[in-house]
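Asker: Below are the sequence and a predicted model; questions follow.
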Amino acid sequence: MTTVLDYGHQERVRIHYDDLDQMGIVHNARYAVLLERALTSYWEERGFSIANGRPTAPDVFNAVAEFTINYRAPIRGTGDVLIHFWLDKFGRTSGVYGFRITSADGKTVHAEGHRAIVRLDPATMRPTEWTPAARAVAGPLMRPALTQPEEAA
């Protein structure tokens with residue numbers, strides 16, 4: 001079942017036997033891989049990938065600058081999970097994803113966190129601006145600004 005989202009995107013990702021630790025739960029390090037699989041699917045479907053060993057767009061050349069995760073409930077065994085991700089920020093040269101990994105029915109939150117990336121110039125390895133094409137693909141992922149409650153008069 002796929003839940004209706006107010007923002008961002010959701011990908012169904014498969015948990016495989018080799019994602020599990022000796023206790024039969026998903027190993028903590030694999031959560032980053034699950035998110036990476038979901039993000040890769042989203043961007044690949046929109047023309048941003050590595051094909052024949054080369055990026056299909058300059059924006060594919062980016063690096064993770066920060067990754068934080070809070071584990072809420074273990075994922076037990078194989079099967080599907082849902083990865084809900086969105087962009088909290090998409091600046092001149094960087095972006096910050098928020099994400100939530102849930103059960104296939106969306107009722108149990110297994111983990112949540114943030115992942116910051118920086119687009120790099122392959123020649124200099126310095127931050128460089130996103131292209132208009134990347135901005136167009138990133139746009140639907142933007143989380144609406146949280147509304148601040150009005151102050152009492």
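Answerer: Received the coordinates, thanks. Numbers count the residues shown, from 1 in each chain.

Asker: quick check: longest helix of the protein.
Answerer: helix 30-44 (DSSP state H).

Asker: Could you check how far that helix is from the centre of its chain?
Answerer: Offset of helix 30-44 from its chain centre (Cα atoms, centre = their mean, to the nearest Å): 6 Å.

Asker: neighbouring contacts of that helix?
Answerer: Residues outside helix 30-44 that contact it (Cβ atoms under 8 Å, 6 or more residues apart in numbering): 9, 11, 13, 15, 19, 26, 49, 60, 67, 69, 71, 81, 83, 85, 97, 99, 101, 110-111, 115, 137, 141. For glycine as for every other residue, the C-beta is placed from the backbone atoms N, C-alpha and C.

Asker: Which of those are buried, as a PyMOL select command?
Answerer: Entered in PyMOL, the line below selects the buried ones among the contacts of helix 30-44, by 16 or more other Cβ atoms under 10 Å:
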select buried, resi 9+11+13+15+19+26+60+69+81+83+85+97+99+101+110+111+115+137+141
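
Asker: so of the contacts of helix 30-44, which ones are in helices?
Answerer: Going by DSSP H, the helices hold Val137 from the contacts of helix 30-44.

Asker: what about the strands in this protein?
Answerer: 9-15, 50-51, 54-55, 62-71, 79-90, 94-103, 109-119 (DSSP state E).

Asker: Need the per-residue pLDDT for Trp130.
Answerer: On pLDDT, Trp130 comes in at 98.

Asker: count of neighbours near it?
Answerer: 19 (other Cβ atoms under 10 Å).

Asker: How about Ala134?
Answerer: By other Cβ under 10 Å, the residues close to Ala134 number 21.
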